[in-house]
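Trainee: Provide a 3D model corresponding to the input given below.
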Amino acid sequence: DNLTLEMAPNKTLVRAGCPMNILYISHHMPYPPHKGEKIRAFHQIRHLAKQNRIHVICLGDDLADFEHAKILGKWCASVTTVYRSRSVALLLAASAIVNRKPLSVAAFQHKKLAKQITQRLGTERFDVVVVTSSAMAQYILSVPVVARVIDFIDVDSEKWRLYAERRSFPLSCIYQLEAN
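Mentor: Numbering: from 1, shown residues only. Alright, predicted model coming up:
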């Protein structure tokens, strides 16, 4: 079945005037919106929820994120938070250096998150899947959905290149590896 997505005059995605069922996958709990990527994700969710059904699946690195999920649920059909400790994320990123893989992709790899996404996609039909950041693209590369959207938030390679220029060894080497 063909799906036509178009940009409405108010800059929202629409499907021939019908609400869409959207799976929104975020690398952080979007609530509370108190810093860059959380502010962006929260406002996207809030705006999309005005005319669509939004299901959020995200990583939480603080136990308070589970309480925040309840608040975010005011705008969402469902919110699923998967806990990932910051120390595990650092270990995964460190292992990426040895394997010469992108640090950010490794830091956000999580089997339980992948399982939640796979289960949700297997039980519900979505019109579009939105992911925040290039590191989260790994979860939708093989997803057979009609539309996939990646919000890169910022140009990661440029950000890492600038970090490499401004930091001393050994961080400069690590950041340069990530930039490439």
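
Trainee: Ala69 versus Tyr31, what's the distance?
Mentor: Distance, Tyr31 to Ala69, using C-beta to C-beta, to the nearest Å: 8 Å. In short, each C-beta sits where N, CA and C put it, glycine included.

Trainee: And the strands in the protein?
Mentor: In the chain, the strands defined using DSSP state E lie at 6-7, 13-14, 21-26, 53-60, 78-83, 128-132, 147-151.

Trainee: With mean pLDDT as added columns, please give the ones you listed in JSON lines.
Mentor: Formatted as JSON lines, those follow (pLDDT from 0 to 100):
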{"stretch": "strand 6-7", "mean pLDDT": "44"}
{"stretch": "strand 13-14", "mean pLDDT": "54"}
{"stretch": "strand 21-26", "mean pLDDT": "97"}
{"stretch": "strand 53-60", "mean pLDDT": "97"}
{"stretch": "strand 78-83", "mean pLDDT": "97"}
{"stretch": "strand 128-132", "mean pLDDT": "95"}
{"stretch": "strand 147-151", "mean pLDDT": "90"}
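
Trainee: Redo these as TSV? Include mean neighbour count.
Mentor: TSV is the format used below for those (neighbours: other C-beta atoms under 10 Å):
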stretch	mean neighbour count
strand 6-7	9
strand 13-14	18
strand 21-26	24
strand 53-60	22
strand 78-83	18
strand 128-132	23
strand 147-151	15
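
Trainee: Quick one: the ones you listed as JSON lines, columns for distance to Val98 too.
Mentor: Shown next, in JSON lines, are the strands of the chain (distance: least, C-beta to C-beta, whole Å):
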{"stretch": "strand 6-7", "distance to Val98": "43"}
{"stretch": "strand 13-14", "distance to Val98": "41"}
{"stretch": "strand 21-26", "distance to Val98": "27"}
{"stretch": "strand 53-60", "distance to Val98": "23"}
{"stretch": "strand 78-83", "distance to Val98": "25"}
{"stretch": "strand 128-132", "distance to Val98": "26"}
{"stretch": "strand 147-151", "distance to Val98": "27"}
